[in-house]
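build me a structure from this.
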Amino acid sequence: SLHVQEHTGLLLKIRVKEFEEGYVLPADYESLPDNFFVIEAGHDQAAADILVKAAGDRLVKSGGRVFYNHKGVIYNEGETEAKDGLMNLTKNLSIVSDVGYGRTAHYSNDTARMKCATPRD
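The predicted structure follows:
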């Protein structure tokens, strides 16, 4: 509560409620994003790092060339292929930027911002 107040200026009141019964997961819980990241506003490199880490072995750079494996066993060559693959990762993760005063802005849903985050090296 004090941490929230120091960083946002808002006072957070916490109430403990009794736990009466178990929680039932929604039928589509597997399709809900479980990868949620908050970055500082304007830090495109932080978003790029998240995307590269999420891509894992699907993104490969070798000898100055870039390859991306979209679904199968074939790696497609080219910067466009890699950028498209990284952009498609936003279906499975959410990145928001902290714009201050307790407010956030969607980063991964904004194509212009995502183009800034796709790695160039």
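
grab the longest strand from this protein for me.
Longest strand in the chain, counting residues (DSSP state E): strand 93-100.

and that strand, what's its mean pLDDT?
Mean pLDDT, strand 93-100: 82.

and it, which strands flank it?
strand 35-40 (parallel), strand 103-106 (antiparallel) (DSSP bridges).

pick the most deeply packed of these.
Most buried of those by mean neighbour count (mean count of other CB atoms under 10 Å) is strand 35-40; its value is a mean of 14. For every residue, glycine as well, the C-beta is placed using N, CA and C.

show residues contacting that one.
Where contact means CB atoms under 8 Å, 6 or more residues apart in numbering, the residues beyond strand 35-40 that reach it are 46-47, 50, 54, 92-98, 104, 107.

again, 6 Å this time
The contact list for strand 35-40 (CB atoms under 6 Å, 6 or more residues apart in numbering) reads Ala46, Ala47, Ile50, Leu93, Ser94, Ile95, Val96, Ser97, Asp98.

name the SS class of Val16, please.
On the three-state scheme (DSSP: H, G, I helix; E, B strand; the rest coil), Val16 is labelled coil.

quick one, phi/psi of it?
In terms of degrees, to the nearest 10, the main-chain angles of Val16 are phi -90, psi 120.

can you get me a residue count around it?
For Val16, the neighbour count with other CB atoms under 10 Å is 5.
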